[in-house]
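1. Quick one: sequence plus predicted model below, questions after.
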Amino acid sequence: MKPLTLVGLVYFISVFIMSSKSLRQSQLFTKTRREAPADELAKNAQLLIRAGYVYKNMAGAYTFLPLGLRVIEKINTIIRQEMDAIGGQELVMPSLQDSALWEASGRWSDDAVDVWFKSELKAGGQVGFSWTHEEVITDLMRQFISSYKDLPKFPYQIQKKFRNEMRAKSGIMRTREFDMKDLYSFSATQEQHDTFYAACSDAYKKIFDRLGIGQMTYKTFASGGAFTKFSHEFQTLAEAGEDIVYVNEEKGVAVNEEVLDAADLSELGVTRDELQKRKSIEVGNIFSLGTKFSEALDLYFTNENGESKPVIMGSYGIGPARSMGTIVDLLADEKGIVWPESVAPFLVHLVGLNGEDAAVRDWTEGIFNSLTEQGVEVLYDDRDVRTGEKFADSDLLGLPYRVVASKRAKEEGKFEVVTRATGEVRSLTEDELWADFDTNPNT
Ligand code: ATP
Ligand code: MG
């Protein structure tokens with residue numbers, strides 16, 4: 001019993017440490033800045049840079065600073081939960097890719113693919129940097145799939161992609177190096193494939209709902225390639241978008257330019273004049289691949305009748321950073337970023353005022369510790385800066401709730417609590433404050 005108890009204790013302590021993710025702002029090495037860099041044109045990156053979430057190293061390459069990394073990790077957690085719920089299994093594949101696999105699929109040539117980054121091996125030969133993983137995963141799954149009993153399978157990863165994009169002007173929404181969630185489906189029958197395709201489409205809807213951009217995000221019909229009539233893009237309506245979609249908001253139908261002819265539209269129950277042309281951001285897409293890659297890379301299985309058949313595949317992508325940029329773009333106001341609770345780096349911004357008064361400071365420390373022990377994620381502004389600067393930074397950072405701890409709050413036993421998204425101001429007692437944050441989804 002004893003070793004088990006010890007293991008249990010260590011586990012409990014480590015879970016406690018991991019879950020008490022609060023931070024003192026004075027300890028952050030990043031700082032807010034008043035102006036965005038002059039060469040940064042995109043609103044998402046301007047705000048994220050000013051607030052210290054990201055840093056632009058060069059065009060198309062950004063650092064995710066501690067605050068930005070917390071947001072990305074929350075987005076990734078939501079994506080993982082929804083992918084796991086439909087049978088996804090996570091792995092990580094390498095970024096360095098064998099040219100031979102791509103020769104086999106006909107996609108190694110720069111004429112076929114215009115976004116390649118490639119390099120020479122010192123030992124001889126060429127490698128490519130992953131811009132997608134169909135070839136690599138198909139080759140890998142040959143090790144594990146030989147019978148219909150091995151199917152279906154849904155491996156996915158959240159992993160680096162490199163793309164030599166011609167323009168990188170949309171901040172973190174179009175970069176030359178980025179993480180992508182890419183899931184690949186492997187099915188024995190068309191029915192199996194269609195079932196998963198529909199489940200993944202539903203999961204994407206849940207993901208974008210949970211990210212706070214669901215209302216503006218449309219499952220958009222796009223051309224399907226050789227194996228299916230349609231593929232689907234998840235397009236979020238936004239003026240900052242690089243894409244164009246045609247939408248009927250009442251009917252909830254959206255199509256892209258490839259699907260604008262009358263026959264396609266009538267299949268979808270709309271006419272051209274019912275559709276409105278809108279700018280949009282492609283945050284995700286799902287695609288039936290048929291047997292293109294399994295035939296090219298020799299991924300066959302034996303079906304129930306003992307016949308050898310190529311595996312039916314699909315691919316399903318989401319850009320976590322592009323989603324983050326979209327959230328910023330859609331929800332921000334003139335004062336700064338507005339995070340939904342689901343992805344905010346912290347739920348509460350505890351703004352400590354009158355810190356020069358030791359009694360007030362000690363009392364505020366106590367509030368910080370209690371909230372943290374309760375499991376609330378708190379960013380505590382314990383910095384020695386002017387009140388006006390604290391409030392301006394707080395608006396810019398965009399955490400869902402601001403709690404002001406001041407000399408007056410201490411004396412009156414009441415906190416000013418501001419909801420960032422609505423601007424609603426409440427005056428809560430300490431007990432009311434505990435009760436309020438006890439019901440938050442992050443605890
Ligand atoms: P786009 O048409 O915008 O270039 P794509 O069709 O090339 O996108 P996919 O290859 O299907 O996109 O990638 C899947 C997802 O990865 C996209 O829906 C998007 O969210 C994200 N993504 C694609 N390219 C980039 C990029 N350069 N920077 C950041 N995210 C990206
Ligand atoms: Mg692209």
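-> Structure's in. What do you need? Ligands and ions are numbered 1, 2, ... in the order given.
2. any idea which helix or strand comes after whichever helix or strand Lys309 is part of?
-> When elements are assigned from DSSP states H and E, Lys309 belongs to strand 308-310. Using DSSP H and E, the helix or strand that follows strand 308-310 in sequence is strand 312-318.
3. Flag every residue of this protein that's near ligand 1.
-> For the chain, the contact set with ligand 1 under Cβ under 6 Å from any ligand atom comprises 132, 163, 165, 174-175, 178, 180, 282-285, 317-319, 321-322. Just so you know, the C-beta spots here come from the backbone N, C-alpha and C atoms, and that holds for glycine as well.
4. secondary structure class for Gln97?
-> Three-state call for Gln97 (DSSP: H, G, I helix; E, B strand; the rest coil): strand.
5. and the gap between it and Glu135?
-> Using Cβ to Cβ, to the nearest Å, Gln97 is found at 7 Å from Glu135.
6. Nearest to ligand 1: which residue in the stretch 151-300 of the chain?
-> Closest residue of the stretch 151-300 of the chain to ligand 1, Cβ to the nearest ligand atom: Phe178 (3.9 Å).
7. Chain neighbours aside, what residue packs nearest to the residue sitting nearest the centre point of the chain?
-> Taking Cα atoms, centre = their mean as the criterion, Pro320 is the residue nearest the geometric centre of the chain, at 2.6 Å. Spatial nearest neighbour of Pro320, chain neighbours left out: Ile75 (4.7 Å); criterion: Cβ to Cβ, 6 or more residues apart in numbering.
8. picking that back up, is it true that the residue nearest to the centre of the chain touches Glu73?
-> No - applying Cβ atoms under 8 Å, one finds Pro320 not in contact with Glu73, separated by 9.1 Å.
9. And for Thr419, the neighbour number?
-> Residues lying near Thr419 (other Cβ atoms under 10 Å) number 12.
10. Sort out which residues of the strand holding Lys309 are buried, please.
-> For strand 308-310, burial by neighbour count (16 or more other Cβ atoms under 10 Å) applies to Pro310.
11. So what are the sheet partners of that strand and their directions?
-> Take DSSP bridges as the rule and strand 308-310 pairs in its sheet with strand 300-302 (antiparallel).
12. list the buried ones in the partner strand?
-> Buried residues in strand 300-302 (16+ other Cβ under 10 Å): Tyr300, Phe301.
13. What subset of the residues of the chain next to ligand 1 is buried?
-> Of these, these count as buried by 16+ other Cβ under 10 Å: 132, 163, 165, 174-175, 178, 180, 282-285, 317-319, 321-322.
14. taking those one by one, which sit in strands?
-> Members of these lying in strands (criterion: DSSP state E): Phe178, Met180, Glu282, Val283, Gly284, Asn285, Gly317, Ile318.
15. dump the residue contacts of the fifth one.
-> Okay, so that is Gly284. Tyr204, Ile207, Phe208, Glu233, Phe234, Tyr316, Gly317, Ile318, Gly319, Ser323 (Cβ atoms under 8 Å, 6 or more residues apart in numbering).
16. Then the third one?
-> Applying Cβ under 8 Å, 6+ apart, we find Glu282 in contact with Glu233, Phe234, Gln235, Asp243, Arg322.
17. related to what we said a few turns ago, tell me the one of the ones in strands among the buried ones among the residues of the chain next to ligand 1 nearest Asp395?
-> Among these, Val283 lies closest to Asp395 (Cβ to Cβ), at 25.9 Å.
18. these two touch, right, that closest one and His232?
-> No - Val283 lies out of contact with His232 (Cβ under 8 Å); the separation is 11.9 Å.
19. Is Gly68 within a helix or a strand, and which one?
-> helix 66-85.
20. Only alpha carbons, please: show that helix as CSV.
-> C-alpha atoms of helix 66-85 as CSV (Å, rounded to 0.1, in the frame of the first residue of the first chain):
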residue,chain,number,x,y,z
PRO,A,66,4.4,32.8,-22.9
LEU,A,67,1.0,34.5,-23.1
GLY,A,68,0.4,33.5,-26.7
LEU,A,69,1.6,29.9,-26.1
ARG,A,70,-1.1,29.6,-23.4
VAL,A,71,-3.8,30.6,-25.9
ILE,A,72,-2.4,28.2,-28.6
GLU,A,73,-2.3,25.4,-26.0
LYS,A,74,-5.9,26.0,-25.1
ILE,A,75,-7.0,25.9,-28.7
ASN,A,76,-5.0,22.7,-29.2
THR,A,77,-6.6,21.2,-26.2
ILE,A,78,-10.1,21.9,-27.6
ILE,A,79,-9.0,20.4,-31.0
ARG,A,80,-7.6,17.3,-29.3
GLN,A,81,-10.7,16.7,-27.2
GLU,A,82,-12.9,16.8,-30.3
MET,A,83,-10.6,14.7,-32.4
ASP,A,84,-10.2,12.1,-29.6
ALA,A,85,-14.0,12.0,-29.2
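21. Now the element after it, going C-ward?
-> That would be, after helix 66-85 and using DSSP H and E, strand 89-90.
22. List the neighbouring strands of that following strand plus their orientation.
-> Using DSSP bridges, the strands paired with strand 89-90 are strand 155-162 (parallel).
23. in the partner strand, what's buried?
-> So for strand 155-162, counting by 16+ other Cβ under 10 Å, buried means Pro155, Tyr156, Gln157, Ile158, Gln159, Lys161, Phe162.
24. And for stretch 210-222?
-> Arg210, Leu211, Gly212, Ile213, Met216, Thr217, Tyr218, Lys219, Thr220, Phe221, Ala222.
25. What about Gly87, how many residues nearby?
-> Counted with other Cβ under 10 Å, Gly87 comes out at 15.
26. List the residues that contact it.
-> Gly87 makes contact with Pro152, Phe154, Phe196, Ala199 under the criterion Cβ under 8 Å, 6+ apart.
27. now stretch 217-236, how far from the chain's geometric center?
-> Distance, stretch centre to chain centre, for stretch 217-236: 20 Å (Cα atoms, centre = their mean, to the nearest Å).
28. Please apply the same query to stretch 77-96.
-> In terms of Cα atoms, centre = their mean, the centre of stretch 77-96 is found 12 Å from the chain centre.
29. Same check on stretch 369-378?
-> Taking mean C-alpha positions (Cα atoms, centre = their mean), stretch 369-378 and its chain are 25 Å apart.
30. Just the endpoints, please. Distance across that stretch?
-> Start and end residues of stretch 369-378 are separated by 9 Å (Cα to Cα, to the nearest Å).
31. Which positions within that stretch qualify as buried?
-> Buried residues in stretch 369-378, counting neighbours by 16+ other Cβ under 10 Å, are found at Leu371, Thr372, Gly375, Val376, Glu377, Val378.
32. hmm, back to that, just want to check the distance between the residue nearest to Pro320 and ligand 1.
-> Plainly put, Ile75 is 11 Å away from ligand 1 if you go by Cβ to the nearest ligand atom, to the nearest Å.
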